[in-house]
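A.B. asks: no sequence on hand, only this structure:
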């Protein structure tokens, strides 16, 4: 490493007066130019350590490099990516992609004013929750409904409303932790309730609830273990048994259903996930579930149940802090309407379409992608079977049969390839399995094949 080269790098303030760099001030602010210069110089110092040389700082080429750096800095941080992981409800990639009608509804709501809290029939103030109330009651059989900004918020509001300074009974086998270290015991106690644990990890009986019941009991909380599954020597009361016990003792039965599906996925051969309607029919007083998982809509925490309970929630001051905005409401309403006839939610809603896609259809997509990649110089691709999962804490233990296209680029190893894909435009997120980079056909969207081939071509033949 030649230390003299490092000493020849001008100071940033001196570089601002160079003709090529100074000309950039016609398009960019001084602060942006300074930040871009620092980025370029950091990269230059790294190159010098690897044996590189100094550029001509007064050249147009150097000014162009600074301009490229500024353009990169102005790129939106939140931007679309291509999901080739096969994980449908990928929390790190934004969970559920929305249906076209939901996107249209969001666009319409964003472009101008809406009647979010204005009753067009009376000309008076309305409720934002009325836009989805009837849809949710029709689809679940509940008496009333309200929506907050996510399911964790729904649990928080419910505990604060009904269990403050009182006891909440929970089976030890359901004291779950979900993403972001969000734990059911913490949310119960944080909102002023007292947690009463019953049973064991694998077995909880009705007698455990009976023995824990006291005059201080407000809620029995049933938590669906959405992100894991207990198998083998297990037992727990049915919802019907818990509902009868709770109602006989003037206690609320509340269920955190997690992902919360509105359709029976078992008819498609996908596990035995309980539906929201089944919980309501079993006698659960209040059911909470997510909008952006198996429902296939925007991020939301949906609460359905008895009318008097929903009315109490609407009066809780905490509800305002958790309320959902107009764009999410627009997308949620449009998504819920796709569950009504004559629509086919398994076709119209991307999450459900991906979940129910047949292996032969996925093989055809993987083959089309592989054929496109094999047309690129220095690129080799094959089709091979792969197993994926729903993701997002949904359908634990359920493996989804799929097909993928592998990507091998001459002179690039798997890690170099997957990094180049991730850093490209668009960013492509894949997996490395047995030293091969692969893209799962199940989570590819319309038009992704063309975009993937274009990006791989740019990487292989810069």
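C.D. replies: In hand now; what should we look at? In this text the structure is predicted, and so the values were computed from the model without any measurement. Numbering: from 1, shown residues only.

A.B. asks: helix, strand or coil: sort out the spatially most central residue of the chain for me.
C.D. replies: With distances taken as Cα atoms, centre = their mean, the residue of the chain nearest its centroid is residue 95 (2.3 Å). When classified by DSSP: H, G, I helix; E, B strand; the rest coil, residue 95 comes out as coil.

A.B. asks: distance from the chain centre to stretch 144-157, please.
C.D. replies: Stretch 144-157 sits 17 Å away from the centroid of its parent chain (Cα atoms, centre = their mean, to the nearest Å).

A.B. asks: follow-up on the earlier one: my guess is the residue nearest to the centre of the chain contacts residue 293. True?
C.D. replies: Yes: between residue 95 and residue 293 there is a contact under Cβ atoms under 8 Å: 6.5 Å. C-beta coordinates here come from the backbone N, C-alpha and C atoms, glycine included.

A.B. asks: show me what contacts the residue nearest to residue 375 when sequence neighbours are not counted?
C.D. replies: Excluding the flanking residues, the one nearest residue 375 by Cβ to Cβ, 6 or more residues apart in numbering is residue 453, at 7.6 Å. By Cβ atoms under 8 Å, 6 or more residues apart in numbering, residue 453 lies in contact with 369, 372-373, 375-376.

A.B. asks: please identify which helix or strand holds residue 289.
C.D. replies: Using DSSP states H and E, the element containing residue 289 is strand 286-290.

A.B. asks: helices or strands up against the helix or strand that that strand is followed by?
C.D. replies: As assigned by DSSP H and E, the chain's next helix or strand after strand 286-290 is strand 301-305. Judged by 3 or more Cβ pairs under 8 Å, 6 or more residues apart in numbering; DSSP states H and E, strand 301-305 is in contact with helix 130-140, strand 144-148, helix 151-162, helix 276-281, strand 286-290, helix 307-314.

A.B. asks: so the strand holding residue 289 versus strand 144-148, what angle?
C.D. replies: 40 degrees (axes from the mean of the first three to the mean of the last three Cα atoms, to 10 degrees).

A.B. asks: which residues touch strand 286-290?
C.D. replies: 140, 142, 150-151, 154-155, 158, 252-260, 276, 279-280, 295, 299-306, 309-310.

A.B. asks: so how far is that strand off the chain centroid?
C.D. replies: 17 Å.

A.B. asks: tell me what angle that strand forms with helix 130-140.
C.D. replies: Relative orientation of strand 286-290 versus helix 130-140 (the same axes, to 10 degrees): 100 degrees.

A.B. asks: partners of strand 286-290, with directions?
C.D. replies: Sheet partners assigned to strand 286-290 using DSSP bridges are listed as strand 252-258 (parallel), strand 301-305 (antiparallel).

A.B. asks: and the last one, average pLDDT?
C.D. replies: Strand 301-305 comes out with an average pLDDT of 97.

A.B. asks: what of stretch 356-369?
C.D. replies: Computed over stretch 356-369, the average pLDDT equals 97.

A.B. asks: not counting sequence-adjacent ones, nearest residue to residue 116?
C.D. replies: Closest residue to residue 116 apart from its sequence neighbours, by Cβ to Cβ, 6+ apart: residue 326 at 4.7 Å.

A.B. asks: that neighbour against residue 114, yeah?
C.D. replies: Yes: counting by Cβ under 8 Å, residue 326 does reach residue 114; the two are 5.4 Å apart.

A.B. asks: still on that earlier bit, how far away is the residue nearest to residue 375 from residue 370?
C.D. replies: Residue 453 sits 10 Å away from residue 370, taking Cβ to Cβ, to the nearest Å as the criterion.

A.B. asks: for residue 217, same thing?
C.D. replies: In terms of Cβ to Cβ, residue 217 sits 59 Å off from residue 370.

A.B. asks: going by neighbour count, list what's buried in the helix with the most length in the chain.
C.D. replies: In the chain, assigned by DSSP state H, the helix with the most residues is helix 30-49. Using 16 or more other Cβ atoms under 10 Å as the test for burial, helix 30-49 gives 32-33, 35-37, 39-41, 44, 48.

A.B. asks: between the residues you listed, which sits nearest residue 129?
C.D. replies: residue 32 (43.4 Å; Cβ to Cβ).

A.B. asks: now do the contacts for that closest one.
C.D. replies: Going by Cβ under 8 Å, 6+ apart, residue 32 touches 70, 73-74.

A.B. asks: low-confidence ranges, the stretch 51-200 of the chain, go.
C.D. replies: 178-182 (pLDDT under 70).

A.B. asks: all strands for it, in order.
C.D. replies: 81-83, 144-148, 167-171, 177-178, 182-183, 194-198 (DSSP state E, counting those that start in this stretch).

A.B. asks: tell me how this structure divides into domains.
C.D. replies: Domain segmentation of the chain under automatic domain parsing yields 3-74, 81-91+353-460, 100-343.

A.B. asks: if we can go back for a sec, in ChimeraX, how would I select just the buried ones from the contacts of residue 453?
C.D. replies: Burial among the contacts of residue 453 is assessed by 16+ other Cβ under 10 Å; the matching ChimeraX selection reads:
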select :369,372,373,376
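
A.B. asks: what about the longest strand in the chain?
C.D. replies: strand 400-409 (DSSP state E).

A.B. asks: ok, residue 174 to residue 223 distance?
C.D. replies: Counting by Cβ to Cβ - residue 174 and residue 223 are separated by 4 Å.

A.B. asks: over to residue 297?
C.D. replies: Using Cβ to Cβ, residue 297 is found at 22 Å from residue 223.
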